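Asks: here is my input; please provide its structure:
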Amino acid sequence: MSTISEKDVGREAMLGGIGAASGYAFWGLTVIFYKQLTHVPPYEVLAHRTLWSVVLTVGLIFLFKRRAAFFTALTNKRLLLTLTATSLIIGTNWFVFIYSINEERVLETSLGYYINPLISVLIGVAFLSEKLTRPQIAAVVLAAIGVIIMTIDFGAVPWISLFLAVTFAIYGYLRKITNVDPLEGLSIEVIILLPFAIGYLVFMESTQGTALIHEGGWTVFLLILAGPMTVIPLFLFNYGAQRIRLATLGLMQYLAPTVQLIIAVWMYGEALTDTHLVTFGLIWAGLALFSWDTWRRERELRRVARAA
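Replies: Residues are numbered from 1 along each chain as shown. The predicted model follows:
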């Protein structure tokens, strides 16, 4: 009986690993998808991403009979206030992500998502009274040095990288302390953004036209597909997150920016300068320290738990 149980646990962990890895890889590959929509203004792409995400998430809520949880969440004023904040944060994050692809600055996007875990650590210190370990302090310092070097050499702050890192870290923190399931939470977030999306599309159609009405079928198909491209990786991620260890999940999160980096350099020919290499190298060193420290502490916790 115990053997069967162990096999089941192993199978769940394997499926969870596949799910999480697929989700992160999917997020990395979305660069290729949004690259096909560079002829459409970023605000319009964001509006369609919101619109079709509403259609898909609400449809899934009814399909999986999650209506009770959904409507309960809608009547919780404190929850709605938090989700209003998270919707605005993730909405601006989505826009800057789409904008960076349009402007051929995918490398900066990749850098931002590499920095993100270290920003999350600082948020934990600021708002959750968490204490930094020495390896974590070293990791944050290395990342900061990398950003400073890039700023000095290029003569400008890599605002896309920092904006994506900070907004996604704040979003992750707020969602972490918010008691709502991922599907219901995402549904409410995109519903909150929906009036802005529809208002923008109506205004644009009345003044200069929109891609949905005036472009060919392929563009229309891609705009509608923006909904599933938003929701599918989230489902894969959450499926995996429930079945694998946090340390494993933490290591997997670097898959998305790595895929973005490869795509930026080898598919779209973005220049990987010496400054980029130094900056990425320092951040990778910091992340290696951070990941090692996370793994070490989790192993110690498991050892203590077994001893007890």
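Asks: any stretches of the stretch 51-200 of the chain with poor pLDDT?
Replies: Judged by pLDDT under 70, the stretch 51-200 of the chain has no weakly predicted residues.
Asks: any chance you could map the strands in the stretch 1-150 of the chain?
Replies: Listed from the start of the chain, the stretch 1-150 of the chain has no strands (DSSP state E, counting those that start in this stretch) to report.
Asks: what's the most centrally placed residue in the chain in contact with, if anything?
Replies: By Cα atoms, centre = their mean, the chain has its centre lying nearest to F168, at 6.4 Å. F168 makes contact with I90, N93, G112, Y113, N116 under the criterion Cβ atoms under 8 Å, 6 or more residues apart in numbering. Backbone N, C-alpha and C define where each C-beta goes, glycine included.
Asks: next one: V180
Replies: Residues near V180 by Cβ under 8 Å, 6+ apart: A73, L79, L83, I188.
Asks: with adjacent residues omitted, what lies nearest to the first one?
Replies: The one in question is A73. By the measure of Cβ to Cβ, 6 or more residues apart in numbering, the closest residue to A73 outside its immediate chain neighbours is E184, 4.9 Å from it.
Asks: on that earlier part again, now the phi/psi pair for the residue nearest to the centre of the chain, please.
Replies: Backbone geometry at F168, expressed as degrees, to the nearest 10, gives phi -70, psi -30.
Asks: Q36 too?
Replies: When quoted as degrees, to the nearest 10, the phi and psi of Q36 stand at phi -70, psi -10.
Asks: ok, it touching L222?
Replies: Yes: under the criterion of Cβ atoms under 8 Å, Q36 lies in contact with L222, with a separation of 5.7 Å.
Asks: for the helix or strand hosting R175, which positions count as buried?
Replies: Secondary-structure element containing R175, defined by DSSP states H and E: helix 159-176. Residues of helix 159-176 classed as buried under the neighbour-count rule (16 or more other Cβ atoms under 10 Å) are 160-175.
Asks: tell me the helix or strand right after it.
Replies: For helix 159-176, the following helix or strand on the C-terminal side (DSSP H and E) is helix 182-207.
Asks: which secondary structure elements does that next one sit against?
Replies: For helix 182-207, the contact count by 3 or more Cβ pairs under 8 Å, 6 or more residues apart in numbering; DSSP states H and E identifies helix 42-63, helix 67-74, helix 77-102, helix 217-241 as packing neighbours.
Asks: could you check the angle helix 159-176 makes with that helix?
Replies: 130 degrees (axes from the mean of the first three to the mean of the last three Cα atoms, to 10 degrees).
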